[in-house]
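Chemist: Below is the structure, and that's it, no one-letter string:
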Ligand code: KE4
């Protein structure tokens with residue numbers, strides 16, 4: 001596969017952009033390769049600067065559940081762009097998307113738009129602290145909630161990929177207020193509650209952990225968090241930036257029937273444009289400025305282009321059978337992946353919730369961060385390179401989720417499995 005143009009672009013990028021990228025995980029450092037510069041996408045395919053075509057399982061890290069350049073989304077963006085990209089004033093579009101979100105998530109009576117998932121979680125934490133008058137926050141090792149200081153503690157995603165789960169530049173005065181528990185382990189939460197229950201403002205969790213691969217909640221785990229938060233007057237925050245509208249139209253909270261106090265959204269609700277949102281009960285949300293004393297703001301919050309793209313996307317997700325078809329394709333890919341790894345006797349552990357999935361290079365079950373970190377990242381890097389060179393674009397890290405879109409066809413899945421067969425055969429040598 002010729003990649004000379006991407007390599008030249010990467011050298012040029014490195015001169016004026018740190019690491020040549022605007023988000024660390026894109027640099028392909030953990031897989032030891034030079035990143036491909038993507039010039040366009042269509043359906044489930046992306047095309048790089050050398051003209052190579054790839055079947056895309058990153059989907060912009062989750063937003064593109066309907067695939068690239070969906071005509072209805074492109075039309076919505078084009079139409080709005082002709083009327084104006086940003087006004088810094090209220091628009092009907094913001095009401096329409098807000099009403100769609102509130103209708104989809106019963107736990108959300110009100111919602112505030114922002115421009116990234118990081119802003120959504122950062123704002124939700126501030127709101128929880130304002131609402132309770134408490135300072136401490138509990139997160140789970142390996143979960144990633146964006147790069148706000150308070151949340152860069154044992155963070156997953158790129159932080160783990162690059163070996164910096166606790167970032168430098170974050171004063172210990174900040175991190176002292178963030179307590180770390182073990183995903184799927186209520187005893188680890190109880191130990192923190194025993195000591196700090198009256199000081200904890202919020203417990204924030206990815207209901208399906210998508211930043212240390214993909215780890216489903218064990219039966220009873222989310223219910224246990226809900227019960228403990230209710231008992232101790234702690235705000236339960238579901239970070240559904242990734243799972244929202246991914247694992248179900250109303251997100252993981254609808255799938256698992258748990259009602260959080262606040263929900264963070266992003267990715268899919270912007271249809272590929274910069275967006276985030278946080279919402280919950282009216283009594284909490286009305287603490288936000290300009291009504292209440294919890295300040296939060298954003299120049300491009302509720303940006304008309306992002307609202308138009310998000311609204312168009314959610315309309316597509318509402319079509320009959322959208323999630324049923326996606327589930328069928330994702331189940332097929334995951335089942336056949338498991339069979340192929342087994343037939344090649346490669347240690348593996350496959351996980352999936354809806355159309356987000358992960359194959360860990362380990363033969364032990366993965367239920368938490370410590371177990372995810374047992375995976376053989378060298379083996380993963382070799383597998384990744386084999387797939388990439390055959391035109392299959394996976395997430396360039398063992399600690400990221402893969403994503404299927406509605407645009408992936410049976411033919412694309414079978415082409416992927418054929419490439420997988422070859423990559424696994426290479427690993428056996
Ligand atoms: P952003 O600030 O990147 O829009 O969202 C942060 C965030 C918050 N919560 C969850 C559950 C998330 O998954 C994310 C961001 N996800 C990563 C991919 N695992 C973004 C990719 C990147 O950092 O480049």
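Modeler: Sure thing, it's come through. Note that this is a predicted model, so its numbers are computed, not measured.
Chemist: Contacts only, for residue 247.
Modeler: 208, 255, 353-356 (CB atoms under 8 Å, 6 or more residues apart in numbering). Yep, even glycine has a C-beta here, placed from its N, CA and C like the rest.
Chemist: now, which of these lie within strands?
Modeler: 353, 356 (DSSP state E).
Chemist: Who is the residue of the stretch 251-400 of the chain found nearest the ligand paired with across the strands?
Modeler: Scanning the stretch 251-400 of the chain for the residue nearest the ligand gives residue 266, at 4.9 Å (criterion: CB to the nearest ligand atom). For residue 266, the beta-bridge partners under DSSP bridges are residue 276.
Chemist: Surely it is in contact with residue 116?
Modeler: Yes: if you go by CB atoms under 8 Å, residue 266 and residue 116 touch, sitting 6.5 Å apart.
Chemist: intersection of neighbour lists for those two?
Modeler: Shared between the contact lists of residue 266 and residue 116 (criterion: CB under 8 Å, 6+ apart) are residues 275-276.
Chemist: Return the residues of the chain in contact with the ligand.
Modeler: 23, 25, 61, 116-118, 121, 144-146, 157-158, 206, 210-211, 239, 241-242, 266, 276, 400 (CB under 6 Å from any ligand atom).
Chemist: Filter the residues you listed down to the buried ones.
Modeler: 25, 61, 116-118, 121, 144-146, 157-158, 206, 210-211, 239, 241-242, 266, 276, 400 (16 or more other CB atoms under 10 Å).
Chemist: What about the residues you listed, which are in strands?
Modeler: If you go by DSSP E, those have 239, 266, 276 in strands.
Chemist: How many residues are close by the closest residue to residue 407 other than its chain neighbours?
Modeler: Excluding the flanking residues, the one nearest residue 407 by CB to CB, 6 or more residues apart in numbering is residue 67, at 2.7 Å. If you count neighbours by other CB atoms under 10 Å, residue 67 ends up with 20.
Chemist: And residue 67, what's its pLDDT?
Modeler: With respect to pLDDT, residue 67 scores 98.
Chemist: Repeat that for residue 154.
Modeler: 87.
Chemist: That one in helix, strand or coil?
Modeler: Under DSSP: H, G, I helix; E, B strand; the rest coil, residue 154 falls in the coil class.
Chemist: thought it was touching residue 141?
Modeler: Yes: using CB under 8 Å, residue 154 makes contact with residue 141 at a distance of 4.0 Å.
Chemist: shared neighbours, those two?
Modeler: In contact with both residue 154 and residue 141: 165, 180, 369, using CB under 8 Å, 6+ apart.
Chemist: Skip the chain neighbours and tell me the closest residue to the last one.
Modeler: Excluding the flanking residues, the one nearest residue 369 by CB to CB, 6+ apart is residue 142, at 3.0 Å.
Chemist: Any figure for the gap between that neighbour and residue 221?
Modeler: 14 Å (CB to CB, to the nearest Å).
Chemist: Pull out the buried residues from the helix or strand where residue 359 lies.
Modeler: Taking DSSP states H and E as the definition, one finds residue 359 inside strand 356-360. Buried residues in strand 356-360, defined by neighbour count with 16+ other CB under 10 Å: 356-360.
Chemist: What of stretch 228-246?
Modeler: Neighbour count says stretch 228-246 has 228-229, 234-246 buried, by 16+ other CB under 10 Å.
Chemist: strands paired with the strand holding residue 359, and their directions?
Modeler: Going by DSSP bridges, the partners of strand 356-360 are strand 349-353 (antiparallel), strand 402-403 (antiparallel).
Chemist: Report the contact partners of residue 412.
Modeler: 44, 55.
Chemist: swap the cut-off to 10 Å and go again
Modeler: 43-45, 55-57, 329, 333, 392, 404-405 (CB atoms under 10 Å, 6 or more residues apart in numbering).
Chemist: where does stretch 201-219 sit relative to the chain's centre, distance-wise?
Modeler: Distance of stretch 201-219 from the chain centroid (CA atoms, centre = their mean, to the nearest Å) equals 11 Å.
Chemist: in it, what's buried?
Modeler: Neighbour-count burial for stretch 201-219 [16+ other CB under 10 Å]: 201-217.
Chemist: ok, now stretch 76-96?
Modeler: Buried, per 16+ other CB under 10 Å, within stretch 76-96: 76-77, 80, 91, 93-94.
Chemist: Which pair of the residues you listed spans the longest distance?
Modeler: Pairwise distances across those peak at 15.7 Å for 77 and 94 (criterion: CB to CB).
Chemist: could I get the strands paired with strand 356-360 as TSV with mean neighbour count?
Modeler: Formatted as TSV, the strands paired with strand 356-360 follow (neighbours: other CB atoms under 10 Å):
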stretch	mean neighbour count
strand 349-353	22
strand 402-403	26
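Chemist: so can I have CSV of the ones you listed showing mean pLDDT?
Modeler: Output for the strands paired with strand 356-360, formatted as CSV (pLDDT from 0 to 100):
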stretch, mean pLDDT
strand 349-353, 98
strand 402-403, 98
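Chemist: Please report how far whichever residue of the stretch 151-300 of the chain sits closest to the ligand lies from residue 397.
Modeler: As assessed by CB to the nearest ligand atom, the ligand sits closest to residue 241 within the stretch 151-300 of the chain, at 3.5 Å. Applying CB to CB, the value for residue 241 to residue 397 is 17 Å.
Chemist: Helices of the stretch 51-200 of the chain, start to end?
Modeler: With helices called from DSSP state H, counting those that start in this stretch, the stretch 51-200 of the chain shows them at 71-83, 92-104, 117-132, 158-161, 172-175, 186-196.
Chemist: So what touches the fourth one?
Modeler: In this structure, residues lying in contact with helix 158-161 by CB under 10 Å, 6+ apart are 21, 23-27, 29-31, 61, 141-142, 144, 147, 151-154, 164-167, 211-213, 369, 372-373, 377, 395-400.
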